[in-house]
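need a structure here:
(4 chains, ligands or ions: 4)
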Number of protein chains: 4
Amino acid sequence: MIKVAINGYGTIGKRVADAVAAQPDMEVIGVSKTKPSAEAFVANQRGYPLYIAEINRKPLFDEAGIEVAGDVTEMIKQADVVVDATPGGIGVKNKKLYELHGVKAIWQGGEDHEVAGFSFCSSCNFEEAKGRQFTRVVSCNTTGLCRIIHAVDEAFGVKRVRATMVRRGSDPGEVKKGPVDAIVLNPVEIPSHHGPDVQSVLPEIDITTMAMIVPTTFMHMHAIQMDLEKEATKEEIIEIIEAHPRMGLVRGATGIKSTAELKEFAQDMGRQRADLYENCIFADSVGFVGNELFLFQAIHQEADVVVENVDAIRAMMNGAADAATSIQMTNEALGFHAI
Amino acid sequence: MIKVAINGYGTIGKRVADAVAAQPDMEVIGVSKTKPSAEAFVANQRGYPLYIAEINRKPLFDEAGIEVAGDVTEMIKQADVVVDATPGGIGVKNKKLYELHGVKAIWQGGEDHEVAGFSFCSSCNFEEAKGRQFTRVVSCNTTGLCRIIHAVDEAFGVKRVRATMVRRGSDPGEVKKGPVDAIVLNPVEIPSHHGPDVQSVLPEIDITTMAMIVPTTFMHMHAIQMDLEKEATKEEIIEIIEAHPRMGLVRGATGIKSTAELKEFAQDMGRQRADLYENCIFADSVGFVGNELFLFQAIHQEADVVVENVDAIRAMMNGAADAATSIQMTNEALGFHAI
Amino acid sequence: MIKVAINGYGTIGKRVADAVAAQPDMEVIGVSKTKPSAEAFVANQRGYPLYIAEINRKPLFDEAGIEVAGDVTEMIKQADVVVDATPGGIGVKNKKLYELHGVKAIWQGGEDHEVAGFSFCSSCNFEEAKGRQFTRVVSCNTTGLCRIIHAVDEAFGVKRVRATMVRRGSDPGEVKKGPVDAIVLNPVEIPSHHGPDVQSVLPEIDITTMAMIVPTTFMHMHAIQMDLEKEATKEEIIEIIEAHPRMGLVRGATGIKSTAELKEFAQDMGRQRADLYENCIFADSVGFVGNELFLFQAIHQEADVVVENVDAIRAMMNGAADAATSIQMTNEALGFHAI
Amino acid sequence: MIKVAINGYGTIGKRVADAVAAQPDMEVIGVSKTKPSAEAFVANQRGYPLYIAEINRKPLFDEAGIEVAGDVTEMIKQADVVVDATPGGIGVKNKKLYELHGVKAIWQGGEDHEVAGFSFCSSCNFEEAKGRQFTRVVSCNTTGLCRIIHAVDEAFGVKRVRATMVRRGSDPGEVKKGPVDAIVLNPVEIPSHHGPDVQSVLPEIDITTMAMIVPTTFMHMHAIQMDLEKEATKEEIIEIIEAHPRMGLVRGATGIKSTAELKEFAQDMGRQRADLYENCIFADSVGFVGNELFLFQAIHQEADVVVENVDAIRAMMNGAADAATSIQMTNEALGFHAI
Ligand SMILES: NC(=O)c1ccc[n+]([C@@H]2O[C@H](COP(=O)([O-])OP(=O)(O)OC[C@H]3O[C@@H](n4cnc5c(N)ncnc54)[C@H](O)[C@@H]3O)[C@@H](O)[C@H]2O)c1
Ligand SMILES: NC(=O)c1ccc[n+]([C@@H]2O[C@H](COP(=O)([O-])OP(=O)(O)OC[C@H]3O[C@@H](n4cnc5c(N)ncnc54)[C@H](O)[C@@H]3O)[C@@H](O)[C@H]2O)c1
Ligand SMILES: NC(=O)c1ccc[n+]([C@@H]2O[C@H](COP(=O)([O-])OP(=O)(O)OC[C@H]3O[C@@H](n4cnc5c(N)ncnc54)[C@H](O)[C@@H]3O)[C@@H](O)[C@H]2O)c1
Ligand SMILES: NC(=O)c1ccc[n+]([C@@H]2O[C@H](COP(=O)([O-])OP(=O)(O)OC[C@H]3O[C@@H](n4cnc5c(N)ncnc54)[C@H](O)[C@@H]3O)[C@@H](O)[C@H]2O)c1
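Ligands and ions are numbered 1, 2, ... in the order given. Next comes the predicted model:
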C-alpha cells in the first residue's frame, strides 16, 4: 500500500483524498487543514486522520469538536508521497519540508513548472514520471488541452493550436470572488499562460491561447481550433475521443448545450460531488473547415486533475507498467467511465 | 409494495423516483418524459420503465437510443399512486385521467390547493392525508415555512409571522431563465402567495410574506420573524430544531454563511445530487428581541418536497401509523440524517 | 429635414430616436410602443409623438397618463424613412406596410439579410446604400467584426479570420432571460451565424466564428485572430484603430480589463445611457505571432448599431456625399469621439 | 464660494465632486487618487485639480499622461471642507491630518459613528450639523432607512421597524468581489449593524434588521415592515412619499418590478451615471395589515449619499437656513426631481 498524505484538504485536496482512498494500492494516511471548517468535519467523518498546519491552533479544533491527529510535519514523516494541494504559491514553500524528510511530492497547477522541474499529464508523459521524487500536475485547463491535443497529434499531427478559454469566476463553494456582471480579460495580453503551460508537457506543440473570466462557478469552456497535418474526418475525431479513457462526448440527443446542464447530468448519473474527470467534448461542435479542426470542450476545474494526481502517485512509485494500466486502475476504482 | 408512477420526470420527478425506489414498501413502476433528453437516458440507466406523453414521438426516442415502455396512460393504469411532477399548470389538466382510472394522485406546489382540496406537509398534517385519493404537496418555500412555524407553534404558540423570502432565480440545470443582474420583486404587491399557502396547511397562523428573486440557482433564503405567545430561549429553539427529523442546524464552526457553502457541504457529505431535504437553519442567526424570534433558514428548492411526497404516498395508502413512523422510514431508506 | 419614424421604441429604437433627434438634417416624427411602460413615459418627456401598434389599446395608455398620437400606420404615412426596431422576426412582417406606403425602411440584425436584400455597415459599404429603399443594419456583433476586419483588410489584406464571441446573456434592463450560472454554447455547432453574416457585408472574407453566452448584461467580448497577407506591426494596427471614427482603444493606463470597468468609464465620461458606439479594442491585447494578428474587442450590444442606423438613413436619402462625411456628421451631432 | 476638497475620488468621491461642482455656492478645489486609472483621466477632463496620496508616485501619473497638482496635504490646506471618500477604515486615519490643518471634514458610512461623533441625514437632523467641524454621512442603506422611517414617524408615529436588506454584491465597476452564485448572510447574526446605525441618527426608533448579499451590482432592496402608532392609509403614505424631496415612487404603469428596470429608467431619463439619489419606493407594494405598514424600496448604493454630502457641507458651513432650503438648492443645482 502506497502511503499518501494530502497537504491542503480544500477543493482539490479533498477530492484527491477520496480518489486515493478508493484505490486498491493506496491509502490516505493523513490530510491537513489550517482552521476548523465544514471540510474538517467531513475529514473526520471519512476517517482521514486530520493534521493541522499550526499545532497551537488545536484548541480551536477541540472547541469545535473536530479531532486532530497532530501537526503537518508528523503527517509528512509517515508518507511515501505527499500531494500538496495548498493554495497556489504556498506549495512551493513546502518543498524544503519534503526534501528534509526525503518524501516524494506532487504539486498542483497553481505552482510554477520549476517547483518540480517536471509537469505531468497522465495520457501524455506517464513514462517520464516513473520513479521521480517531484512532479507537478498541470492545471485543470492545461490538463484538458493536453489530453485532446496529444490525442489528435498522435493520430493526425497538429500543426498549430489556437484556443480561447472562457473560465469560471469562482469555485462553487467560494463566495468572495467575483465577478458579478462582467467579462474580465485575464490577462489582457495575448498569449495567456496556458499555451506555454501546455508546452511544459508537450514542448513541440505550436499553441497560442487567449483567456477571460466570466461569472459562473462550474467548468471552463474551451473554444479550440487546430490546423492538422493530415486530413481527418469528424468521425475519426469522434472515434479518438470515444476511445480515450479521459475524454467523453456530450451527444446531441441529451439536449445539453451548457455547463449547467452538464452539471445536472453529472449529478443525475450519481457522480460524487458532480465530478466530471473527463474532457466533455460537444459532439455536434466537432467539425472541419478544410484541415482545420474546431471543437468546444468543457473542463471541470475541480475534477479533471484529481485522476491525474492518482496516476502521478502511481508513476512516481513505479506502481504501474504504463499509462494505460494506471489510468484503467484509477478509473475502475472510482467506477468512472467517461460519458 | 405500493406501485408508484411518476408523471413528469424533471427536477422534482427524478428525485421523487429515486426516493421512492429506495423505500422498502414502494416501487417505481414508471416515469414519464415528453422528449429525448439527458434525463431520459438516466431513467433508462436506473431501470425505470420510461413512458412518453405522446406516443407518436416514439421514433425520436428510438433514434436517440432511448428505450420507451409505452404511453402515459398505460403507466397510469398500473399505478396505485401517481406523483404528478409535471410543470405548474399542466398537472391540473391530468386530473381527469387520474379520476378516469381511479388512481390516487399527488400534485406539487405549482398547482393550486383546489386541484386536490387538501395541502400536505408531513410533520404538520399527516393524519389528515390518510386514505385520501388526492393530495397536494405544498411548494418548497411553503414546506420550509410550515415545518418551522408548526414546530415553534406547538412549543410556544406563534402569534404572528412576518417573513421575507429571497428566492433563487432558476434551478441549477436551467439556462433560459434569469435574472442576470437584478433583484426582482415577485410579486411587487404584499403579501406574496406564500402566506396564504402556509394557511392551506396551518389555517390558524397569522402570517404575511414578502418575496423577491435573485440571480442564484441553489436554495431560497428565508428571513423570518415570529412573535411568540410564550417566552422562549435561543437554546429551546435550537433543541426543537435538533429534535426535528426534517430540520437541521448550520453550526458556526462550519464557517458556512451562504447557500453556496451549504451546497459544497452537501456534496462533501455525499448527499445524492447535493440534496438538502431539511430546513437548514443558521444556528447563529437564531435570536430574540423580547418575545420575537428571528432566524435565517435556507431551503433547497429541489429537495425538501421530495421526502414529503414519499410520506404523502404512505399516508394515502395507509402505509404508516403516523407521521413520525413514516418520516423515519423515509429518512432511513434514504440514509438521511438532518445536518 | 429627413422625417424619420421609429417603429419599435425599445432598447435599440429609443437610442436611434435620440441619435436621430440630435442630427441637424433629421427629425423624429414618431415612435411606437405596444403597451404602457417606463419607455412610453420617457417618449412623452422627450416630446416624441407616440404611436401605438394596436389602437384599441389606447385606453390602457390613457389610464396610465401617457399621451398617444395615433396608430402605427398614421406614423408610417408621414415618414420618409422608418427605422424598424421591433423584436427579431416581427420586423419582416412589417415589410408589406412599408411597401404599401412607399416608405423607405431600415431593419435591424434580428431580421435576415433577405428582408432588405442589402446589409449595411457604414465604414464598409456606405456607397452601395445610396438611394436604396430597403436596408438592413447588421447586428451588433457583426458590425463590430466588419469594422475591424475591413479596416485591417484595406491596409494589410486579411487572409483568414477566426473569432470567438462571448456574448452577454441579457440586456441590462431585461429580467426574465438568463442564464444565471452557466456558459451556454449558442450554437453548439460551428460556425455560428456571425461568420456568414459578416460575409453579407464583406463577401470576400474567409471567416469562421464560434459563439457562447454568459451571465452578463453589458457588452460582448470578441477574441479575434486574423492571418494577414502582408507583414504588419502592432503600432500600425494601433494607428489604424486610432484613425477610425468608430473604433477606440482601451489603454493600459486606465487599468480597464473588463466590460464592467468599461461601462463605468462610459458613465464617467458622461456618455448618454453609458453608450459605447465604438469598438473598444484593448490596446495591450493587440499583438502578433508571425503574420497572425490577435486582439480582444468589447462591443456594446445596445449602442454600436445606433450610429450605423443614422448613417444608413443618410445614405438612403442621399444626404451625404460619402461615408466619411456622414460618419463625421453623425458623430459630431452626438458629441461622440471614440475613446 | 465654499472650497471643497474630495479626498478619495472613487465611486462616492467622483459623484460628490460632480454634485459639488454643480452647486452655485461651492467649488471643487481638488480631488485625490492613489494611482493612475480611468477615473484619474476623467478628473483631468473635468478640470478638477488632481492630488495624489503619495507624491513619489508622480512619475507613474506623468508616464500615463495624467496631470498632477500636488500631494493630498497641499489640497487639504486650501479647503474649507474635506469630503473624505476613501475606503472604509482609511478615512479614520486621515482625521489627524484634518485636525492639524483645522479643516472641516465629512466621512462616509464605511467609518464608525465615533470618527465624527455625529451622524447625518439631511431630512432628519440638518439643524444639528450646523457649524460642526466633523460629520459622518451615514451609509447608503442607513440613509434610505432614515428617510422613510423619519417621514412616517413624524406623521403617524413609528412603534417598531423590522427590515430585511438584500444588498448588491459589488459595485458595477468592481470585478473582483462576488458572490457569483450565492446568497450570503452578512452577517449571519441578527441584528445586522443597520438597525443601530439608524439609531445613530434617530435614537428613539425601535428597529431590528437582517441583511444578506446577492450577486447583483445595482441597488439594495429593502423589505420593510413598520408597526405604526396611529392608523394610516396607503394613500396617506403615498402622499408623504410624493411630498418628500428625496423619495420617489415607482408607479405600476411603468411596469418596473426590479432594480435592473429601475436602472434602465434612470438611464432613459438622462440621469448622470444612472444615479438615483432618491429612495425608490414601489407604489404597489405599499400596504397595510392592520396598523402594520409594508413596503419595498430600492436604494442606489452609489447615489443616495451624494446629495446628503452636499447638504452636510452646507450645514457645517452655515450655508443654508434649514434642511428644506439646502435640499432644494442641492436638488435644483443637479436638475434632480424625485421620480
Ligand atoms: N480549484 C480549482 O479549480 C483548481 C483546479 C486545478 C488546480 N488547482 C490548484 O490546486 C491547488 C489548490 O487549490 P484549491 O482550489 O484546492 O485551493 P483551496 O483554497 O480550495 O484549498 C487549499 C487548502 O489548503 C489549506 N492550506 C492553506 N494553507 C496551508 C498550509 N500552509 N499548510 C497546509 N494546508 C494549507 C487550506 O486550508 C485549504 O483547505 C492550487 O495550486 C490551485 O492552483 C485548483
Ligand atoms: N423546481 C423546483 O424548485 C420546484 C420546487 C417545488 C415544487 N415544484 C413544483 O413541482 C412541479 C414540477 O416542477 P419541476 O421544476 O420539476 O419541473 P420540470 O420542468 O423540471 O419537470 C417537469 C417534467 O414534466 C415533463 N412534462 C411536461 N409536460 C408533461 C406532460 N404533459 N405529461 C407528462 N410529463 C410532462 C417534462 O418532460 C419534465 O420532465 C411544479 O408544480 C413545480 O411548481 C418545483
Ligand atoms: N438589444 C440588442 O442588443 C440588439 C443589438 C443589435 C440589434 N438588435 C436588433 O434590434 C431589433 C430590436 O431589438 P431590441 O433589443 O431593441 O428589442 P426590444 O424588445 O428592446 O424592443 C422592441 C420594441 O418593439 C416594440 N414592438 C414589439 N412589437 C411591435 C409591433 N408589432 N409594432 C411596433 N412595435 C412593436 C416593443 O414595444 C419594444 O419597445 C431586433 O432585430 C434585434 O435583433 C438588438
Ligand atoms: N460604494 C458604495 O456603494 C458606498 C455607498 C455609501 C457609502 N460608501 C462609503 O464611501 C466610502 C468610499 O467608498 P467607495 O465605494 O467610494 O470606495 P472606492 O474604493 O470606490 O473609492 C475610494 C477612493 O479612495 C482612494 N484612496 C484610497 N486610499 C486613499 C488614501 N490613503 N488617500 C486618498 N485617497 C485614497 C482610491 O484611489 C479610490 O479612488 C467608504 O466609507 C464606503 O463605505 C460607499
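
Please count neighbours and contacts with C-alpha atoms only from this point.
Noted.

Centre-most residue in chain A?
When C-alpha atoms, centre = their mean is applied to chain A, the residue found nearest the centroid is A:Val305 (1.3 Å).

Checking my notes, it in a helix, right?
Yes - applying DSSP: H, G, I helix; E, B strand; the rest coil, one finds A:Val305 inside a helix.

Touching, it and A:Leu276? I think so.
No - applying C-alpha atoms under 8 Å as the test, A:Val305 and A:Leu276 come out as separate, 10.2 Å apart.

what about the helices in the stretch 1-150 of chain A?
In the stretch 1-150 of chain A, the helices defined using DSSP state H, counting those that start in this stretch lie at A:11-21, A:38-46, A:58-64, A:72-78, A:95-100, A:122-129, A:140-156.

Count the neighbours of the closest residue to the residue nearest to the centre of chain A other than its chain neighbours for me.
Closest residue in space to A:Val305, ignoring its immediate chain neighbours: A:Cys140 at 5.8 Å, by C-alpha to C-alpha, 6 or more residues apart in numbering or on different chains. Counted with other C-alpha atoms under 10 Å in any protein chain shown, residues neighbouring A:Cys140 total 24.

How confident was the prediction at A:Cys140?
Predicted confidence (pLDDT) at A:Cys140: the value is 98.

Report the contact partners of it.
A:Gly109, A:Ile299, A:His300, A:Gln301, A:Glu302, A:Ala303, A:Asp304, A:Val305 (C-alpha atoms under 8 Å, 6 or more residues apart in numbering or on different chains).

Let's see that with 10 Å instead.
Counting by C-alpha atoms under 10 Å, 6 or more residues apart in numbering or on different chains, A:Cys140 makes contact with A:108-110, A:146, A:219-220, A:277, A:299-306, A:308.

same thing with A:Thr135?
Here A:Thr135 is in contact with A:83, A:104-108, A:113-120, A:129, A:309, A:312-313, A:315-316 (C-alpha under 10 Å, 6+ apart).

how near is it to ligand 1?
According to C-alpha to the nearest ligand atom, to the nearest Å, A:Thr135 stands 13 Å off from ligand 1.

just A:Pro179 next, same as before
Taking C-alpha to the nearest ligand atom, one finds A:Pro179 at 16 Å from ligand 1.

Which residue is the nearest non-sequential neighbour of that residue?
Leaving out its chain neighbours, the residue that sits closest to A:Pro179 by C-alpha to C-alpha, 6+ apart is D:Val175, at 4.5 Å.

Count the residues that sit near that neighbour.
D:Val175: 25 neighbours (other C-alpha under 10 Å).

any idea whether it is helix, strand or coil?
Applying three-state DSSP: D:Val175 is coil.

gap between A:Thr143 and chain C?
Distance, A:Thr143 to chain C, using C-alpha to the nearest C-alpha, to the nearest Å: 20 Å.

number of nearby residues for that residue?
29.

what about A:Val201, distance to A:Ala163?
Distance, A:Val201 to A:Ala163, by C-alpha to C-alpha, to the nearest Å: 17 Å.

same deal with A:Cys121?
Between A:Cys121 and A:Ala163 the computed distance is 19 Å (C-alpha to C-alpha).

Strand partners (parallel or antiparallel) of the host helix or strand of A:Ala298?
If you go by DSSP states H and E, A:Ala298 is part of strand A:292-299. If you go by DSSP bridges, strand A:292-299 pairs up with strand A:220-228 (antiparallel), strand A:279-282 (antiparallel), strand A:287-289 (antiparallel).

ranking those strands by burial, who's on top?
strand A:279-282 (a mean of 25; mean count of other C-alpha atoms under 10 Å in any protein chain shown).

Could you chop chain A up by domain?
Using automatic domain parsing, the domain parsing of chain A gives A:2-138+A:304-333, A:140-299.

got TSV for those, with distance to B:Gly335 too?
Below are the domains of chain A laid out as TSV (distance: least, C-alpha to C-alpha, whole Å):
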stretch	distance to B:Gly335
domain A:2-138+A:304-333	15
domain A:140-299	15
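
Out of the ones you listed, which is closest to ligand 3?
Of all these, domain A:140-299 sits nearest to ligand 3, with 15.9 Å by C-alpha to the nearest ligand atom.

Report whether the closest one contacts ligand 2.
No - figure legend: domain A:140-299 not in contact with ligand 2 (C-alpha under 6 Å from any ligand atom); closest approach 11.2 Å.

Now do the end-to-end distance for that domain.
Using C-alpha to C-alpha, the two ends of domain A:140-299 sit 7 Å apart.

Tell me the gap between that domain and the middle of its chain.
13 Å (C-alpha atoms, centre = their mean, to the nearest Å).

Also stretch A:331-339?
Computed by C-alpha atoms, centre = their mean, the chain-centroid distance of stretch A:331-339 equals 15 Å.

Let's see the distance spanning it from one end to the other.
12 Å.

list the buried ones in it?
A:Asn331, A:Leu334, A:Phe336, A:Ala338, A:Ile339 (16 or more other C-alpha atoms under 10 Å in any protein chain shown).

contacts for that stretch?
Under the criterion C-alpha under 10 Å, 6+ apart, residues A:18-24, A:241-251, A:265-266, A:269, A:271-272, A:275-281, A:307, A:310-311, A:326-330 lie in contact with stretch A:331-339.

Strands - which of the residues you listed land there?
Members of those lying in strands (criterion: DSSP state E): A:Met247, A:Gly248, A:Leu249, A:Val250, A:Asn279, A:Cys280, A:Ile281.

bridging residues for the fifth one?
Counting by DSSP bridges, A:Asn279 is bridged to A:Met247.

right, and it touches A:Gln297 too?
Yes - counting by C-alpha atoms under 10 Å, A:Asn279 does reach A:Gln297; the two are 6.4 Å apart.

Need the residues touching each of these two.
Common neighbours of A:Asn279 and A:Gln297 (C-alpha under 10 Å, 6+ apart) are A:Gly144, A:Leu145, A:Ile148, A:Met247, A:Gly248, A:Leu249, A:Val250.

rewinding a little: just curious, which of the contacts of A:Cys140 is nearest to C:Val31?
Nearest to C:Val31 among these: A:His220, at 43.3 Å, using C-alpha to C-alpha.

ok, now which ones touch that closest one?
A:140-141, A:144, A:165-169, A:212-214, A:259, A:297-301, C:182-183.

Weed out the non-buried ones from these.
Buried among the contacts of A:His220 (16+ other C-alpha under 10 Å): A:140-141, A:144, A:165-169, A:212-214, A:259, A:297-301, C:182-183.

and the contacts of A:Thr135, which are buried?
A:83, A:104-108, A:113, A:115-116, A:118-120, A:129, A:309, A:312-313, A:315-316.

Show me those that map onto strands.
In strands, defined here by DSSP E, the members of the buried ones among the contacts of A:Thr135 are A:Val83, A:Lys104, A:Ala105, A:Ile106, A:Trp107, A:Ser119, A:Phe120.

Before I go, just wanted to say thanks for your time.
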